[in-house]
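1. sequence first, then the predicted structure:
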Amino acid sequence: MRQIERVELPDGTFMDGPLLGHQMPRLYNVPERHEVQQPDCVMCQIEAMEEKHEHGCGDHIGQEALEWAEGFGYDLDVWQKWAIRHMFGRKPNGLWAAPDVVMIVARQNGKGTVLEVRELAGVFLLEEELIIHTSHQLKTSLNHLERLSNTIKSYPSLDKKVSNIVTGNGKEAIKLKPRPTLIFGPSGKEILARRTSKIEFHARSGSATSRGFSCDCLVYDEAMILSNEQVGASMPTMRARPNPQMIYAASAGLEDGSVSQQLALMRKSMTKHDPDTFGLEFSANPHDDSCPRDETHGRESNYFIVCDKHDDRDDPRTWAKANPAMGTRVTLATTRRELNKMPPAKFDIEILSIGNWPSEEEPWETISRPAWKVLTNEDPGFPTPPMVLAFDVSEDGKSATVMGSWAHKQDRTVIEMPLDGHRYGTGWVIDFVHAKYLKRRPLAIAVPKSGPAAGLLDDAIKKWGDRVYPVGPAEEAAAFAFLIQQVKDKKLWHFGEEMAPTLWHAVGRAGTRDVGDGGKAWKRRDAEGDISPITAGTLAAYVLNKKRRSYDLTNTIA
């Protein structure tokens, strides 16, 4: 009787195996194309009649490439087939659906095989004239050349089409024999010309570059080591081609955690769902500073983290998520040894594909994103007295924000933005706040005495009298210090990124200015954008803290 493999988990329990790598990446972007025949698409119908394709006009080349590769010994994983099909996807006009391709996969998981199929099918099946394969080091390019050469030499039907394979003198290439091709001359006359196809192999770190060549497909292998200068030298090679494609293949980064700006840019294109980019990333979703910790029950290798929303470094199921070849080319035992022998940061980069990617959002210089995220409560309940309202105006005077703050019974200060509490202009502010005043009867309405909002201070005093609390520069520093302490002590709640995105982004981009002898306050001038949601929220929380000490319930009765 066959024994079922058992996989030990970090908590000492076991799961039945074998443990196999995930075949769908954690992050991906797929440009639109016709995967199935569309009855209203002329190209789909023409190809269905003439070539008997079962797939749509945007998908049949990918299917042909897969069937062609299978005939030459490529036994592909599910994810590799998926990637190749999308890589070869086309629009109905015949152009690539994805002129840009990015693949971020840990080493030894098979992305090199995907490149082999793309390049061989490019010259043998699609008859592309020139494919350039570049790597950071010549050794890597030569290894790739050797694998392609072995495949070609193993199949006479391929080998007979090859003119020669050059393996030295800095001119490494696979050249196919010329083939007759019908082209149109300058006057429109048909001319029978002889065209050839070629794959060249370059090292980006050496003297050889792809500058000056016009290629149909440009491959950046080891794209985590790719300078802007190298991209600038090689990218113009595509300009004269009618249907070029650029491919970036990489692991998550270097040993020090750095990545190339170009790879980071391409990854951003994927995560932002750029319509011209096909991208995939097999990676783990790591814990951050906001994840809860417990020294008794947590796992030591994850710094006692007990969060169940992110991936544990020491959990084999995490390894399978980041390594699609787990259980075949990548073994559980090897990965467990790597966990025990490699520094945690290197294991995260090399095995789990956790890259040190540049932030796609604001810099979060004053309050860290994880520290603010952990204070999210999308449903703290209905506001109850005591309550304070505050408003502030952006530095350019083009928009304003009204914020409220109230004390929760769980010893938390809640800051919230009323519906439509952030708008362009300032003419709406007094009437908007007055409507909230009549409904909520706040203890006070906080207004900064300096900055653009000061222009509304007189109107506020006329409307609400001594309920207005003018906040001067010195008290703004005190308010800032109070908010920061509330954040550190986790005594604050806000509605989070989804429910209150305006406040979220204001916190992310807000910087500070010096006030008095060592004090700080929010910096409105030269801010990256409108930070009035957090400046108003800070004043509301601060004034609430001061006023609630002498709070009298009768103050809320009309």
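-> Great, that's in hand.

2. so which strand or helix has residue 153?
-> Using DSSP states H and E, residue 153 sits in helix 138-154.

3. and that helix, what's buried?
-> Across helix 138-154, burial judged by 16 or more other Cβ atoms under 10 Å covers 138, 140-142, 144-145, 148, 151-152. Backbone N, C-alpha and C define where each C-beta goes, glycine included.

4. pLDDT of that helix, averaged?
-> Averaged over helix 138-154, pLDDT sits at 93.

5. for that helix, name the packing helices and strands.
-> Secondary-structure packing of helix 138-154 (3 or more Cβ pairs under 8 Å, 6 or more residues apart in numbering; DSSP states H and E): helix 111-120, strand 130-135, helix 156-159, strand 162-166, strand 173-176, strand 198-203.

6. same for the fifth one, what does it pack against?
-> What that stands for is strand 173-176. Using 3+ Cβ pairs under 8 Å, 6+ apart, strand 173-176 sits against helix 138-154, strand 162-166, strand 198-203.

7. direction included, what does it pair up with?
-> With DSSP bridges as the test, strand 173-176 is paired with strand 162-166 (antiparallel), strand 198-203 (antiparallel).

8. deepest in the core, which of those is it.
-> Greatest average neighbour count among the strands paired with strand 173-176 goes to strand 198-203 (a mean of 22), per mean count of other Cβ atoms under 10 Å.

9. what angle separates it from strand 130-135?
-> 20 degrees (axes from the mean of the first three to the mean of the last three Cα atoms, to 10 degrees).

10. contacts for strand 198-203, please.
-> 119, 122-123, 129-138, 140-142, 144-145, 148, 172-176, 208-210, 213, 215 (Cβ atoms under 8 Å, 6 or more residues apart in numbering).

11. whichever helix or strand comes after that strand packs against which elements?
-> Sequence order places strand 217-220 as the next helix or strand after strand 198-203, per DSSP H and E. Strand 217-220 sits against helix 111-120, strand 130-135, strand 245-250, with contacts defined as 3+ Cβ pairs under 8 Å, 6+ apart.

12. can you do 10 Å?
-> For strand 217-220, the packing partners by 3 or more Cβ pairs under 10 Å, 6 or more residues apart in numbering; DSSP states H and E come out as strand 100-104, helix 111-120, strand 130-135, strand 198-203, helix 228-234, strand 245-250, helix 261-271.

13. okay, now the sheet partners of it, with direction.
-> According to DSSP bridges, strand 217-220 forms sheet pairs with strand 130-135 (parallel), strand 245-250 (parallel).

14. mind checking how far that strand is from the chain centre?
-> Relative to its chain's centre, strand 217-220 lies at 22 Å (Cα atoms, centre = their mean, to the nearest Å).

15. measure residue 531 to residue 106 for me?
-> Counting by Cβ to Cβ, to the nearest Å, the separation of residue 531 from residue 106 is 40 Å.

16. with residue 298 instead?
-> 26 Å.

17. please apply the same query to residue 132.
-> Computed as Cβ to Cβ, the residue 132 to residue 106 distance reads 25 Å.

18. one more: residue 327?
-> 14 Å.

19. okay, the two: which has more neighbours?
-> A direct count of neighbours by other Cβ atoms under 10 Å for residue 327 and residue 106 places residue 106 higher, at 23 against 17.

20. surely that one touches residue 352?
-> Yes - contact criterion Cβ atoms under 10 Å: residue 106 and residue 352 qualify, at 7.4 Å.

21. okay, and the common contacts of the two?
-> Here residue 106 and residue 352 have 252, 282-284, 319, 322-323 as joint contacts, going by Cβ atoms under 10 Å, 6 or more residues apart in numbering.

22. mind putting the residues you listed in JSON lines, distance to residue 409 included?
-> Below are the shared contacts of residue 106 and residue 352 laid out as JSON lines (distance: Cβ to Cβ, whole Å):
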{"residue": "252", "distance to residue 409": "45"}
{"residue": "282", "distance to residue 409": "46"}
{"residue": "283", "distance to residue 409": "41"}
{"residue": "284", "distance to residue 409": "39"}
{"residue": "319", "distance to residue 409": "44"}
{"residue": "322", "distance to residue 409": "43"}
{"residue": "323", "distance to residue 409": "48"}
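
23. what's the lowest-pLDDT member of those residues?
-> residue 252 (85).

24. before we move on, the earlier item: out of the helices and strands packed on helix 138-154, nearest to residue 544?
-> Ranking the helices and strands packed on helix 138-154 by proximity to residue 544 (Cβ to Cβ) places helix 111-120 first, at 54.8 Å.

25. what is the mean pLDDT for the closest one?
-> For helix 111-120, the per-residue pLDDT averages 97.

26. before we move on, what about stretch 351-368?
-> 81.

27. straight-line length of it, end to end?
-> Using Cα to Cα, to the nearest Å, one end of stretch 351-368 lies 27 Å from the other.

28. buried set for it?
-> By neighbour count with 16+ other Cβ under 10 Å, stretch 351-368 contains the buried residues 351-355, 357, 362, 364, 366-368.

29. the strand or helix carrying residue 447 pairs with which strands, and in what direction?
-> For residue 447, the host element (DSSP H and E) is strand 444-448. Here strand 444-448 has these sheet partners by DSSP bridges: strand 387-393 (parallel), strand 468-471 (parallel).

30. and the first one, how far out from the chain's middle?
-> Shown here is strand 387-393, whose average C-alpha point lies 35 Å from the average C-alpha point of the whole chain (Cα atoms, centre = their mean).

31. next secondary structure after that strand?
-> Downstream of strand 387-393, the next assigned helix or strand under DSSP H and E is strand 399-408.

32. next one: the shortest one
-> Once strand 468-471 ends, the next helix or strand along the chain (criterion: DSSP H and E) is helix 473-488.

33. so which elements touch that next one?
-> helix 369-373, strand 412-416, strand 444-448, strand 468-471, strand 492-493, strand 512-515, strand 519-522, helix 532-547.

34. what comes up buried for the first one?
-> Residues of helix 369-373 classed as buried by neighbour count (16+ other Cβ under 10 Å): 369, 371-373.

35. ok so, going back, select from the helices and strands packed on strand 217-220 the stretch with the lowest mean pLDDT.
-> Lowest mean pLDDT within those: helix 228-234, at a mean of 73.

36. picking that back up, with distance to residue 197 added, can I get the buried residues of helix 369-373 in JSON lines?
-> Below are these laid out as JSON lines (distance: Cβ to Cβ, whole Å):
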{"residue": "369", "distance to residue 197": "49"}
{"residue": "371", "distance to residue 197": "56"}
{"residue": "372", "distance to residue 197": "55"}
{"residue": "373", "distance to residue 197": "52"}
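
37. max pairwise distance over the buried residues of stretch 351-368: which two?
-> 351 and 366 (33.8 Å).
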